[in-house]
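Asks: How does the following fold in three dimensions:
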Amino acid sequence: MLKPDPKQKHDLARMTAEQRGAYELVVAGEMAAKSENIAAARGVAMRLKDERKVITELVAQLRKARAKAGVSLSELESLTGINKSSLSRLENSTAPNPTLLTLHRYAAAIDVKLTHGIT
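Replies: Prediction:
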């Protein structure tokens with residue numbers, strides 16, 4: 001049996017059996033929907049985590065290529081038009097979220113080609 005939520009105005013003791021049954025069906029439906037929503041959100045979170053890993057790896061590769069090319073962050077700032085602090089945050093973030101334009105500008109500045117596709 002469901003207990004009334006003290007924050008709500010539903011008083012099960014004052015409801016008829018029919019009203020109580022309807023109320024319990026609504027609450028049960030909401031609980032089922034909540035469980036489904038939680039499961040769906042977990043799936044989305046896992047996909048986002050996987051995408052972040054890919055982006056983090058890509059940024060690490062760009063940083064390594066920049067170091068190999070001997071380009072400093074100050075030089076990269078001049079070449080890309082992206083301020084040095086933003087470039088530093090991009091390279092050092094545990095969860096970077098750059099735009100494709102930012103990645104392409106970075107790659108072009110250090111003379112590497114950035115490719116991506118659909119699978």
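Asks: So in this structure, which helix runs the longest?
Replies: helix 17-69 (DSSP state H).
Asks: Tell me the helices and strands packed up against that one.
Replies: On a contact count with 3 or more CB pairs under 8 Å, 6 or more residues apart in numbering; DSSP states H and E, helix 17-69 meets helix 84-92, helix 100-109. For the C-beta atoms, the positions are set from N, CA and C on the backbone; glycine is no exception.
Asks: Ile38: neighbouring residues, count only.
Replies: Residues within reach of Ile38, counting by other CB atoms under 10 Å, total 9.
Asks: How about Ser88?
Replies: Neighbours of Ser88 under the rule other CB under 10 Å: 13.
Asks: quick one: contacts for the closest residue to it other than its chain neighbours?
Replies: Leaving aside its chain neighbours, Ser88 sits nearest to Leu73 (6.0 Å; criterion: CB to CB, 6 or more residues apart in numbering). If you count contacts by CB atoms under 8 Å, 6 or more residues apart in numbering, Leu73 has them with 84, 87-88, 91.
Asks: so how far is the longest helix of the chain off the chain centroid?
Replies: Centroid displacement of helix 17-69 relative to its chain, using CA atoms, centre = their mean, to the nearest Å, is 8 Å.
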